[in-house]
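>>> Build me a model from this:
(2 chains)
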Amino acid sequence: MRNVFLRTTAAAGLVLVLAACGGEPTESAAGGGAASGDTIKVGLLHSLSGTMAISEVTVRDAELLAIEEINAAGGVLGKKLEPVVEDGASDWPTFAEKANKLISQDKVATVFGGWTSASRKAMLPVFERHKALLWYPVQYEGLESSPYIFYTGATTNQQIIPGLDYLKEQGKTKIFLVGSDYVFPRTANKIIKAYAAANGMTVLGEEYTPLGHTEYSTLTNKVVQAKPDAVFNTLNGDSNVAFFKQLKSAGVTAESMPVLSVSVAEEEVTGIGVDNIVGHPVAWNYYQTTENAANSKFVAAFKAKYGAAKVTSDPMEAGYNAVYLWAEAAKKAGTVEVEAVKKASGGIALERPEGLVTIDGETQHMYKTARIGIIQPDGLIKEVWNSGEPIKPDPYLKSYPWAGSLAS
Amino acid sequence: MTATLEKPPVTEAPVKEPRDWRGPALFALVAVIGLVVMPLVLEPFRLGLLAKYLTYAIVALGIGLAWGQGGMLTLGQGVFFGLGGYAMGMHLKLNDAGDGLPDFMVWSGVETLPALWEPFRNPVFAIAMVVVVPGAIAWLLGTLVFRQRVRGAYFAILTQALAAAMVILLVGQQGLTGGTNGLTNFFEFFGQDVAADSTQRGLYFTVAIVLGVLFLGAWQLQRSRFGRLLLAVRDGEDRVRFLGYNPATVKTITFTLSAVMAGIAGALFVPIVGIISPALLGVVPSLELVVAVAIGGRFALAGAVLGAVLMGYAKTYFSEELPDAWLYLQGALFILVIGLAPKGIIGIISSLRRRKEAAA
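Next up, the predicted model:
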């Protein structure tokens, strides 16, 4: 009897909890439009669970910091920003569902979100159909320019091509390509091969491993046997840990065979272990050590809010910028209405932690300075090369004759 | 999956209720709620989510048939769901592209349309493939393994491996399948704007009716001689064989039916959610649906459907309310239900009813 009682109670509890979700929509729908009331709702949509959470949570934190700072300075158009946080759960259809929820139900003024290209591709139709705005904060593979997305991370001509320029300058002409098996590495490698063919470089090999793969002895053997001058690494996430450990145990050093990474920032260096990756180059637009007043303020504010041990990285900074850039465009437009914000955005230039960032109204990408850095023994990254001035974004690589076959 | 070890309630299923109108009345009530009340009450976004849960319910119905009735624990229904989904996705992509190439082929460097894609231009072919491909693969797999008397945990592992392999295959062939991104950004669904509220409403009714029809079909199958035979195979395969039946045929037919259901669900999922990607048909989503069926009650077809819809709702609700902690809460609920009520929610309801009847 007792057992039956227990089961019944458990079932009743479950039914109650689930019944609660029936009543939920009306409650939050009462919130009304984005700009009604005293606050402006903005959506933050990153993976807070799943494999991407470790990276994406830091971007969300940086965006929350920006919102807090903007609110402390009086908000936007006299109203405070109210973040609505959703979890994309490292699952692309979930990103689409939550984007739809933020737009249709919360009626947010704009959304800051995404990390992987797959999540952006899944969200793109949702934003285009609803004519809503997404600010995407991560470097990506280019060949895209949605009228309803602002890209605050680098496109290929602001990261990959400068990285290749750097290798060429260093006299590294034989390269080996290693990447995770998804869209960004595959597209990046296509661009790299076209660049190599036009610039007298040789690609000795091209290897892909599934996302989350951690067994790199075979691949490391292949790389070592091919004897390249340098490796171009587009591995993502945990795989880097195993790959760099394996390279180190195979006797590869940063001097003998530098591995240029485009998805390893300050946050990842800690996970990989500084000893395994020290001395290797990376390509980004921002480092925690980038010297300017805006960055000192950003790093100090981030550490004050989240802890002194925290580091800041390129995608975090791009997310942080996105909030400021949108706020600036809304102020200029005098409204948070999407078309007006889009129209007002072109030409907006702000001094950001990475230096001067200007919105290119045509592509909705940013002018960004490319920076090559070397990983230091303290885990931070020291800049050794930069492009001198912000590079005009060229997502379709139209200004590069050798890239003609890549985009049509 | 400890639930497979525990004895199924042999006495429950075949007992013929004297008052037979109860089941049909309940079905009619649910149909009225689903087809009349929900579309009136829910806003378009929520109705779209319900439509998505109903596609999961179609897969769950297939799992309920294969696992609950037939004892075949299939951990790879995502494969069939994906095959149906990709067949539909390919047609929609080609339809949108017109004379050109689908967008992902352009950025993947594919210059001519692969031969595999060409026939999917034809909507009749695509819809036929939604049923034929999952069915044929399940039939082939069933024929091969059931004759070899592969069953229980070995069959479960085999189906799970199939799901894992399928994901690797799809991700690796970026130019052919869209890779990790999958197929997304659809514009038109058979002449309608796929994102329009009216189209989505129509899709909701379609999926609700398909689920209802499949449920009735499965219900009839379960009550038929074939259904009895299926139960017998589940509970004592060797005895069935000694009686002169071939259990392999019975299992293959059932497994194929469950695969076809998953394929249909996948095809409906694509225009409703707007994406099909390898992440949707891997091991984890396949397992999630099996867990949902266990929660609802795997020994009853209604339990499978109930479990899938409840799981969908719970997932959306918890993740919206507690974006930081929802996974833990969801996991805790699963453990609670499976631990305290191994026959699921339907099991609780029927034990309550039996108590009442015993008291009366």
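
>>> who's in contact with the closest residue to chain B within the stretch 201-350 of chain A?
Here the stretch 201-350 of chain A gets closest to chain B at one residue, A:Pro210, 6.5 Å apart by Cβ to the nearest Cβ. Heads up, the C-betas are built off the backbone N, CA and C, glycines and all. Counting by Cβ atoms under 8 Å, 6 or more residues apart in numbering or on different chains, A:Pro210 touches A:180-181, B:168, B:171.

>>> Quick one: low-confidence residue ranges for the chain.
Using chain A here. For chain A, applying pLDDT under 70 flags the ranges A:1-36, A:407-408.

>>> right idea, wrong chain: chain B
Using pLDDT under 70, chain B drops low at B:1-20.

>>> A:Glu354 contacts A:Tyr286, doesn't it?
Yes. Under the criterion of Cβ atoms under 8 Å, A:Glu354 makes contact with A:Tyr286 at 3.7 Å.

>>> Between the two, which has more neighbouring residues?
Between A:Glu354 and A:Tyr286, counted using other Cβ atoms under 10 Å in any protein chain shown, the more crowded position is A:Tyr286 (32 against 26).

>>> wait, is that one part of a helix?
No. Going by DSSP: H, G, I helix; E, B strand; the rest coil, the assignment for A:Tyr286 is coil, not a helix.

>>> Next up, phi/psi of it, please.
phi -150, psi 140 (degrees, to the nearest 10).

>>> what do you get for the one 3 residues further on?
Main-chain torsions, A:Thr289, degrees, to the nearest 10: phi -90, psi 0.

>>> ok, the closest residue to it other than its chain neighbours - contacts?
Residue nearest to A:Thr289 in three dimensions, not counting chain neighbours: A:Leu380, with 5.4 Å by Cβ to Cβ, 6 or more residues apart in numbering or on different chains. Neighbour list for A:Leu380: A:266, A:269, A:287-289, A:311 [criterion: Cβ under 8 Å, 6+ apart].

>>> can you rerun that using 10 Å?
A:266, A:269, A:274, A:287-289, A:311, A:373 (Cβ atoms under 10 Å, 6 or more residues apart in numbering or on different chains).

>>> cool, A:Asn71 as well?
A:39, A:79-83.

>>> And for B:Ala128?
B:87, B:119, B:122.

>>> From A:Thr187, how far off is it?
For B:Ala128, the distance to A:Thr187 equals 34 Å [Cβ to Cβ, to the nearest Å].

>>> hmm, back to that, give me the common contacts of A:Glu354 and A:Tyr286.
Counting by Cβ under 10 Å, 6+ apart, the residues touching both A:Glu354 and A:Tyr286 are A:154, A:295, A:298, A:314, A:317-318, A:320-321, A:368-369, A:371.

>>> Tabulate those residues (JSON lines), appending secondary structure.
Converted to JSON lines, the shared contacts of A:Glu354 and A:Tyr286 look like this (three-state DSSP):
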{"residue": "A:Ala154", "secondary structure": "coil"}
{"residue": "A:Asn295", "secondary structure": "helix"}
{"residue": "A:Phe298", "secondary structure": "helix"}
{"residue": "A:Asp314", "secondary structure": "helix"}
{"residue": "A:Glu317", "secondary structure": "helix"}
{"residue": "A:Ala318", "secondary structure": "helix"}
{"residue": "A:Tyr320", "secondary structure": "helix"}
{"residue": "A:Asn321", "secondary structure": "helix"}
{"residue": "A:Lys368", "secondary structure": "strand"}
{"residue": "A:Thr369", "secondary structure": "coil"}
{"residue": "A:Arg371", "secondary structure": "strand"}
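
>>> quick one, strands of chain B?
With DSSP state E, the ranges of strands along chain B come out as B:183-184, B:188-189, B:192-193, B:275-276.

>>> Out of the ones you listed, which is the most enclosed?
Highest mean neighbour count of the strands of chain B: strand B:275-276, a mean of 30 (counted as mean count of other Cβ atoms under 10 Å in any protein chain shown).

>>> when you scan that one, is anything in it near chain A?
Yes. Strand B:275-276 reaches chain A (Cβ under 10 Å from any Cβ of the partner chain) through B:275-276.

>>> For that strand, enumerate the helices and strands it packs against.
In terms of contacts (3 or more Cβ pairs under 10 Å, 6 or more residues apart in numbering or on different chains; DSSP states H and E), strand B:275-276 is packed against helix A:92-104, helix A:117-130, helix B:77-97, strand B:183-184, helix B:247-273.

>>> Report the contact partners of the residue lying closest to A:Ser387 once chain neighbours are set aside.
Computed as Cβ to Cβ, 6+ apart, the closest residue to A:Ser387 that is not its neighbour in sequence is A:Ala370, at 4.2 Å. By Cβ under 10 Å, 6+ apart, A:Ala370 lies in contact with A:154, A:157-163, A:165-166, A:283-285, A:385-391.

>>> sorry, back to before: any chance of TSV for the helices and strands packed on strand B:275-276, columns distance to A:Glu337?
Conversion of the helices and strands packed on strand B:275-276 to TSV gives the following (distance: least, Cβ to Cβ, whole Å):
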stretch	distance to A:Glu337
helix A:92-104	14
helix A:117-130	13
helix B:77-97	29
strand B:183-184	27
helix B:247-273	28
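
>>> Spatially central residue in the chain, please.
No chain was given, so I picked chain A. Taking Cα atoms, centre = their mean, the centroid of chain A lies closest to A:Val138, which sits 2.1 Å from it.

>>> Let me rephrase: I mean chain B.
Short answer for chain B (Cα atoms, centre = their mean): B:Val59, at 0.8 Å.

>>> okay but that one is in contact with B:Leu289, surely?
Yes. Using Cβ atoms under 10 Å, B:Val59 is in contact with B:Leu289, at 5.5 Å.

>>> what is in contact with the two at once?
Common neighbours of B:Val59 and B:Leu289 (Cβ under 10 Å, 6+ apart) are B:77-78, B:81, B:262, B:265, B:304, B:308.

>>> any chance you could map the helices in the stretch 251-360 of chain B?
Using DSSP state H, counting those that start in this stretch, the helices of the stretch 251-360 of chain B run over residues B:283-296, B:301-321, B:326-340, B:344-359.
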